[in-house]
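Colleague: next one to model:
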Amino acid sequence: MPLTLQPISFQEACAFVRQHHRHLGPPQGHKFSIAVNDGAAVVGVVMVGRPVARGYDDGTTLEVTRLCTTGAANAASMLYGAAWRAAKALGYRRMFTYTLAQEHGYSLTASGWRRLGPAGGGEWNAPSRHRLPVRQPGVKTLWQAPELP
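Modeller: Numbering: from 1, shown residues only. I've put the predicted structure just below:
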């Protein structure tokens, strides 16, 4: 059965992430989410929101904050592509996401995204602003959606 895109609410996307994501829970909010189904059930979701890093939050940039699939072939690359097309249609100019350093990013590469290099790592806690421990404190890989023409 071919994969098809469908709308999904924030609550439904969060429930899918809680059930299927390997190492993270759902994000705090989103601008939009998209699901992909195989004709019988949802097999993946992408959740897109404002950039977590304040330096990227310029009003024209979005971040894929969660992408989660059941492992269905091509679901992840389909969702990355759909998220970027939707963002462009809404007037956004850039989109980023992060992967764990040990993840290859094959779906991102297949979707035309570009690896920018290592980013982040460590804790966000400081004496002047106490934060909860981050779930994945290691260095991440930063990716950017294809450039606009």
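Colleague: the spatially most central residue of the chain in helix, strand or coil?
Modeller: Geometric centre of the chain, nearest residue: V64, 2.7 Å, by Cα atoms, centre = their mean. Secondary structure assignment for V64 (DSSP: H, G, I helix; E, B strand; the rest coil): strand.
Colleague: for W113, give its distance to A15.
Modeller: Applying Cβ to Cβ, to the nearest Å, the value for W113 to A15 is 27 Å. Just so you know, the C-beta spots here come from the backbone N, C-alpha and C atoms, and that holds for glycine as well.
Colleague: which residues are in contact with the nearest residue to R93 once chain neighbours are set aside?
Modeller: Nearest non-adjacent residue to R93, counting by Cβ to Cβ, 6 or more residues apart in numbering: T60, 4.2 Å away. Residues counted as contacts of T60 (Cβ atoms under 8 Å, 6 or more residues apart in numbering) are 91-94.
Colleague: which of the residues you listed lies closest to G120?
Modeller: R94 (17.5 Å; Cβ to Cβ).
Colleague: tell me how many other residues surround that closest one.
Modeller: By the criterion of other Cβ atoms under 10 Å, R94 has 18 neighbours.
Colleague: can you give me phi and psi for it?
Modeller: Backbone torsions for R94, taken as degrees, to the nearest 10, come to phi -140, psi 150.
Colleague: could you pull up the residues touching the residue lying closest to it once chain neighbours are set aside?
Modeller: Using Cβ to Cβ, 6+ apart and skipping residues adjacent in sequence, the residue nearest R94 is T61, 4.4 Å away. Taking Cβ under 8 Å, 6+ apart, we find T61 in contact with 51, 92-96.
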